[in-house]
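Visitor: Please work out how this folds:
(3 chains)
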Amino acid sequence: MKQIFLIAILAAIAAALPLFLGENPYIIGIMISVLMMAALSSAWNILGGYAGQYSFGHAAYFGAGAYTTMILITLFNLNPLLCMAGGIVVACMIALITGGIVFRLRGHYFALASIAVAEIVRLSVLNFEFTGGAQGILLSDLSLWGLDLNSKNPFYYGMLLVLVVTLAITAHLRKSKTGFYLQAIREDQDAAASLGINLSFYKNRALLISAALTSVLGSLYGLYIRFIDTSAVLDLRLSIEIILTAIIGGVGTLWGPVVGALLLVPLAEVLRSNLLGDALVKAGLVSETSGMGLFLKENLAHAHVLVYGIITVLCILYLPKGILGLFRRVK
Amino acid sequence: MIQHLLHISHVSKHFGGNVAVSDVSFSVDEKQIFGLIGPNGAGKTTLFNCITGFFPATSGEVIFDNKKINALRPDEVCRLGMVRTWQRVKPLGSLTVLENVMIGAFSITGVTREAEAIARENLHSVGLTDYAGKPAGSLPIGLKKKLELARVLATHPKILLLDEICGGLNHTETGIILEIIRGVRQKGATIVFIEHDMKAVTSICDRIVVLNSGEKLAEGTPEEITNNPDVIDAYLGGGHNA
Amino acid sequence: MLFLQALLSGILTGGVYALAGIGMSLVFGVMNISNFAHGDLMMLGMYLAYFAFTLLHIDPYLSLILIMPIAFLFGFMMEKVFINRVIYHPHQNQILLTVGLGLIMSNTALLAFTSDPKILTTSYSSSAFNIPGGIFLSVPLLISFLITCGITAILSLFLLKTSTGMALRATSQNREAAQLMGINVAKMSAIAFGIGTALAATAGALIAPTYYIHPLAGHSFLLKAFTICVLGGLGSVAGAGVGGLIIGVVEAMSSTYISSDWKDVVVFVLFLAVLLLRPQGLFGKKGGQA
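Guide: Residues are numbered from 1 along each chain as shown, chains lettered A, B, ... in the order given. Okay, here's the model as predicted:
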């Protein structure tokens, strides 16, 4: 109950934020990214953190949502919400097939198989014609019930809503039979089975919840950016970013993914938009025309993945339970 | 007309070319405390794995409560009322002691509050109440064995299969566990129990089967077993041959 | 003829894949770790061969004499500094650590060498033997294949005949027992990782003359190497050798008879089919089934 309250309070604050920040589209854009990554990572956390099934292929569900929605809109001009529902159906179908194959496997094999499924989805989308292939899908203006979907605010609230729902589901799961069973599976599969837990049923249940939420986020992303291609929504790198966010915040905790996203997304943005390079120049530490200045300007944009890599290595070696794990240890 | 609760009929288990269990048969009656003994590598744990669905028997039948359960999964076997513990204890390490027992209780209820009540009851019956909030992984081995017991008791089983539940415990701890087991039987459960230590078994069991090299060597009451020359040979003679 | 052509070029390419697969399988066998940085180690081998050729004017095949010891040391150090700290951790932490190390390598390469693909063109890059019957055998692929065979033979002899090789195999069979027998398993891990890295870099160098050299090139090879390992049975060195050939042929056949766009999909479907039907691999000992 306490957690539900906390979720509600924080959600209210987040909902009010755009009013104070005015209409700065840049800030809103970053906040949308934070909310999306927090929600993606929270959805992954249900399967990866609670059930201990590290899926390295969650981009497949994100992509399923994004592609299904965009294709349905371009072909039939359906109501976006209906298209989202279509995305959930497709994502759940992929999840059921994946679950049928990979949940018989453990450890290394599960991680590898989840990548293989996601790669098959990615390459298929790349090779088919109705998916736009390598060109991707571009969407013209769209609206829903008089809402202007070309502005950012609806998506801010959309992402926030999905995040709140995901956190509420997680908070509820943690106190319910299913949540306990998932954690038992994470700790020891044989012990779990001997105590009456149907392993594949509960793993599939966690995967379906996780995949459906991830697919909704994919749909929102597609409608928000109005352009998708395989490298944006189906890449292995996205799957890995989702996991890293959870790891850094604290895997298997309610708030870990949110903390991870609050930290990583702005960091990536600072690196990507060259804010750091500009700051160094402004501070007079580096001259803009010097070799170093030019190098920073040219290359710092690529550096955010490098920084992710470094953070991951440090995190696994020194902080395997994430930032929230650190606080728990102090207590 | 005697109703057998668990009936093992000509069960064999092969791993590749190795025969781990060979043509073993016996029956366990309701409310019995049944001992399964034998030297290391006799096939006791393998037999448990066959009975509880962890790996299916190569041949033979396992009949529980008049149902053939050979092809069932472990979780299905558990929900029928047969549950086992592990020789190498398997605590759900990062969950608390209470939560571990709740996992067992969830097999008979879907309501968290009820599961917690059942779990507390069973923690109390094995004397772990004081440790309810501790992570299960942090307990010493003696308490982990008690936790295993509390966890399976919380599933309210008809029959418990205990795999060396006293292994690695000292005399006092063993005594406490045996007392708990007697109490469980009094409430109507049946117990099959693998033990290495002859003394513990003979003091508590109604009936005993001795396995040796995967085969059934002898079956009988504790007196019959302790006086059986084959058994004495397997236990004492094994040392001389080796 | 089309069939024979595909079969032969498949076997030649598969030989190089096999080398990468063997390296990964050795690491898995000895350390029980899935190395997600393996593809990036291949990428490093590609760049080493490229710079040896452009800066030092050493033939890419000759440069292996330099690349192999460098890569071995690199891998050995990488194990000592990073990998051995997670050897008893859960699988997912090991995987993530190697993912992180891979990201560092590929993105450092991206910063250092930019994302422009490099091409290593030797005088014989595009030459081919013409076998009667209209079949062409690419010269660089043929040389690569022969070198692969040589290295595999030497590695087998090393594993079978030397005391270090036997200690490696013992560690792979049963780590605890090997330790009890007085084998220094920590050292074996570092050696295995060093050899794995050397093999990955060699495979990278061998394909460098026939492939675009790019910082992110490792990605697709990583998944191929995994498929090879699973096909041969994770941890089985001989299995990985055969697995590599199978993947090479399957790829060439699907390029020829389906389309080159779908060849990777065919490989991954094969991968899942093996996991589903025969998780211990075609020749393996360690099963992965629940």
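
Visitor: Show the contacting residues for B:Arg182.
Guide: Contact analysis of B:Arg182 by Cβ atoms under 8 Å, 6 or more residues apart in numbering or on different chains lists B:33, B:204. Yep, even glycine has a C-beta here, placed from its N, CA and C like the rest.

Visitor: so how far is the helix or strand that contains it from its chain's centroid?
Guide: Under the criterion of DSSP states H and E, B:Arg182 resides in helix B:171-186. Centroid separation for helix B:171-186 versus its chain: 14 Å, with Cα atoms, centre = their mean, to the nearest Å.

Visitor: residues touching the residue nearest to A:Ser114 when sequence neighbours are not counted, list them.
Guide: Distances taken as Cβ to Cβ, 6 or more residues apart in numbering or on different chains put A:Gly57 closest to A:Ser114, at 3.8 Å, once the chain neighbours are dropped. When contacts are counted by Cβ under 8 Å, 6+ apart, A:Gly57 touches A:98, A:114-119, A:236, A:239.

Visitor: so A:Gly57 sits in a helix?
Guide: No - counting by DSSP: H, G, I helix; E, B strand; the rest coil, A:Gly57 is not found in a helix; it is coil.

Visitor: if we can go back for a sec, in JSON lines, list the contacts of A:Gly57 along with pLDDT, secondary structure and neighbour count.
Guide: What follows is those, written out as JSON lines (pLDDT from 0 to 100; DSSP: H, G, I helix; E, B strand; the rest coil; neighbours: other Cβ atoms under 10 Å in any protein chain shown):
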{"residue": "A:Thr98", "pLDDT": "90", "secondary structure": "helix", "neighbour count": "25"}
{"residue": "A:Ser114", "pLDDT": "91", "secondary structure": "helix", "neighbour count": "25"}
{"residue": "A:Ile115", "pLDDT": "90", "secondary structure": "helix", "neighbour count": "25"}
{"residue": "A:Ala116", "pLDDT": "91", "secondary structure": "helix", "neighbour count": "26"}
{"residue": "A:Val117", "pLDDT": "93", "secondary structure": "helix", "neighbour count": "24"}
{"residue": "A:Ala118", "pLDDT": "94", "secondary structure": "helix", "neighbour count": "27"}
{"residue": "A:Glu119", "pLDDT": "93", "secondary structure": "helix", "neighbour count": "24"}
{"residue": "A:Leu236", "pLDDT": "89", "secondary structure": "helix", "neighbour count": "18"}
{"residue": "A:Ser239", "pLDDT": "94", "secondary structure": "helix", "neighbour count": "23"}
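
Visitor: B:Gly41: which of these is nearest?
Guide: Nearest to B:Gly41 among the contacts of A:Gly57, counting by Cβ to Cβ, is A:Ser114 at 38.2 Å.

Visitor: can I assume the closest one is in contact with A:Ser55?
Guide: Yes - look at A:Ser114 against A:Ser55 with Cβ atoms under 8 Å: they come within range, at 4.6 Å.

Visitor: shaky segments in the chain?
Guide: Going with chain A. A:1, A:141, A:143-150, A:275-277, A:288-289, A:291-301, A:328-331 (pLDDT under 70).

Visitor: Correction: the question concerned chain C.
Guide: C:283-290.

Visitor: Strands of chain B, start to end?
Guide: B:4-15, B:18-29, B:33-37, B:59-64, B:67-68, B:82-84, B:159-163, B:190-195, B:207-212, B:215-220 (DSSP state E).

Visitor: Stretch A:218-228: which residues count as buried?
Guide: For stretch A:218-228, burial by neighbour count (16 or more other Cβ atoms under 10 Å in any protein chain shown) applies to A:218-226, A:228.

Visitor: can you pull the contacts of the residue lying closest to B:Pro222 once chain neighbours are set aside?
Guide: Excluding the flanking residues, the one nearest B:Pro222 by Cβ to Cβ, 6+ apart is B:Thr202, at 4.0 Å. Taking Cβ under 8 Å, 6+ apart, we find B:Thr202 in contact with B:35, B:208, B:222, B:225-226.

Visitor: how many other residues sit next to C:Leu180?
Guide: Around C:Leu180 there are 9 other residues, counting by other Cβ atoms under 10 Å in any protein chain shown.

Visitor: How about B:Ile194?
Guide: B:Ile194, neighbours per other Cβ under 10 Å, totals 25.

Visitor: partner residues bridging it?
Guide: B:Leu36, B:Asp163 (DSSP bridges).

Visitor: Can you verify my assumption that it contacts B:Thr45?
Guide: Yes - shown here, B:Ile194 and B:Thr45 form a contact pair, counting by Cβ under 8 Å, at 6.9 Å.

Visitor: For the two, list the residues in contact with both.
Guide: B:87, B:163.

Visitor: Nearest residue to C:Gly102 in space, please, no chain neighbours.
Guide: C:Ala37 (3.8 Å).

Visitor: got a list of what that neighbour touches?
Guide: C:98-99, C:101-102, C:105.

Visitor: What confidence value was assigned to the residue nearest to B:Pro222?
Guide: We have a pLDDT of 84 for B:Thr202.

Visitor: try B:Ser213
Guide: In this prediction B:Ser213 is given a pLDDT of 88.

Visitor: Quick one: residues contacting it.
Guide: Going by Cβ under 8 Å, 6+ apart, the list of residues near B:Ser213 reads B:41-43.

Visitor: tell me the centre residue of chain B?
Guide: The centroid of chain B falls nearest to B:Leu162 when counting by Cα atoms, centre = their mean (1.8 Å).

Visitor: Quick check: residues of chain B near chain A?
Guide: Contact residues, chain B versus chain A (Cβ under 8 Å from any Cβ of the partner chain): B:52, B:54, B:73-76, B:78-79, B:83-84, B:86, B:90-95, B:99, B:102-104, B:106-107, B:110-112, B:115, B:151-152, B:155.

Visitor: The residue lying closest to B:Lys216 once chain neighbours are set aside: neighbouring residues, count only.
Guide: Excluding the flanking residues, the one nearest B:Lys216 by Cβ to Cβ, 6+ apart is B:Val24, at 5.0 Å. By the criterion of other Cβ under 10 Å, B:Val24 has 23 neighbours.

Visitor: Around chain A, pick out the residues from the stretch 1-150 of chain C.
Guide: With Cβ under 8 Å from any Cβ as the criterion, the stretch 1-150 of chain C meets chain A at residues C:28, C:34, C:82, C:85-86, C:89, C:91-93, C:95-97, C:99-104, C:107-108, C:110-111, C:115.
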